[in-house]
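Participant: Could you work out the structure for the sequence below:
(one chain, ligands or ions: 1)
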Amino acid sequence: MSWTAPFDIVNPTGKAGIVIVCDHASNAVPQAIGDLGVAPQDMQRHIAWDIGATPIARRLAEAFDAPAILCGTSRLVIDCNRKLDDPTLIPLTSDGTVIPGNAGLTPAQRRHRIDAYFTTYHDACRRVVAERLAKAERPLFLSIHSMTDRMNGGGHRPWEISLSSNEDRRATDPVLVALRRMPDLVVGDNEPYDMDPRADYSTPEHALAHGLDYLQVEFRQDRVAAAEGQERFAMILARAIRDSGILR
Ligand SMILES: [Zn+2]
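Facilitator: The predicted structure follows:
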């Protein structure tokens, strides 16, 4: 996909007590960055974006009447769910693929990536959350990701949907209960990833900092690569959220 903007906001005036974000929504590289030196077929892989995550985020925005903020820039340009001092913020390699265009950046080039893409996207997330806090609303922060079924040569990941959390599990625990009641669904709890405030950026910044409930969700990409799976898994999550009773 070609790059158009640092972010897109779907349904900005949505009335639900939910704010959806998708940090890895896009595999687009801005014209100003030029060529990362990554083969076109590799730009379609999970290393460049979260496959299937954008349609799921859009579907949930529609189902709940919630706003969704979609990042517009590939994680290979800058990873919007990493802290600014994280060595993988602008990755030199990802899952075995070298990113030549990320080597030897000047301080000005690095600053441009942070200011133009990372900060602009997160400022949009901050605005949407702040508008709701200003109305004394306490939205659920819903962070949508997808994961590959195999990473760095590791074993097969059995989890079709997984919730990543830290010790604050106010929303995670009831939604896990609801997910586990569904037949024929392999559910992960902090597998393969937990939500680590020292490594993750979005949930700590936009939810934990305000004491908001959050859900950080990983869908396995082979389940959500096509439209049918995107619809099915978006509705699985929507139903689990509704059944859990966490929405006020
Ligand atoms: Zn992701």
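Participant: Wait, Ala234 touches Arg59, no?
Facilitator: Yes - contact criterion CB atoms under 8 Å: Ala234 and Arg59 qualify, at 3.9 Å. The C-beta positions use only the backbone N, C-alpha and C, and glycine is treated the same way.
Participant: of those two, who's got more company?
Facilitator: Looking at Ala234 and Arg59 with other CB atoms under 10 Å, you find the greater number of neighbours at Ala234, namely 23 against 20.
Participant: Which elements pack onto the helix or strand harbouring the more buried one?
Facilitator: In this assignment (DSSP states H and E), Ala234 forms part of helix 227-244. Packed against helix 227-244, as judged by 3 or more CB pairs under 8 Å, 6 or more residues apart in numbering; DSSP states H and E, are the following elements: helix 53-64, strand 161-164, helix 172-180, strand 214-220, helix 221-224.
Participant: rerun that using 6 Å as the cut-off
Facilitator: Packing partners of helix 227-244 (3 or more CB pairs under 6 Å, 6 or more residues apart in numbering; DSSP states H and E): helix 53-64, helix 172-180, helix 221-224.
Participant: Determine which stretch of the ones you listed is the most buried.
Facilitator: Highest mean neighbour count among the helices and strands packed on helix 227-244 (mean count of other CB atoms under 10 Å): helix 53-64, with a mean of 23.
Participant: do that helix and the ion meet?
Facilitator: No - counting by CB under 5 Å from the ion, the ion is not contacted by helix 53-64; separation bottoms out at 6.7 Å.
Participant: After that helix, which helix or strand is next?
Facilitator: Per DSSP H and E, the first helix or strand lying C-terminal to helix 53-64 is strand 68-71.
Participant: CA-only coordinates of that next one in PDB, if you can.
Facilitator: Extracted C-alpha coordinates of strand 68-71, given in PDB (Å, rounded to 0.1, in the frame of the first residue of the first chain):
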ATOM      1  CA  ALA A  68     -10.300   3.700  15.900                       C
ATOM      2  CA  ILE A  69      -6.900   5.300  15.400                       C
ATOM      3  CA  LEU A  70      -4.900   3.400  12.700                       C
ATOM      4  CA  CYS A  71      -1.200   4.100  12.300                       C
END
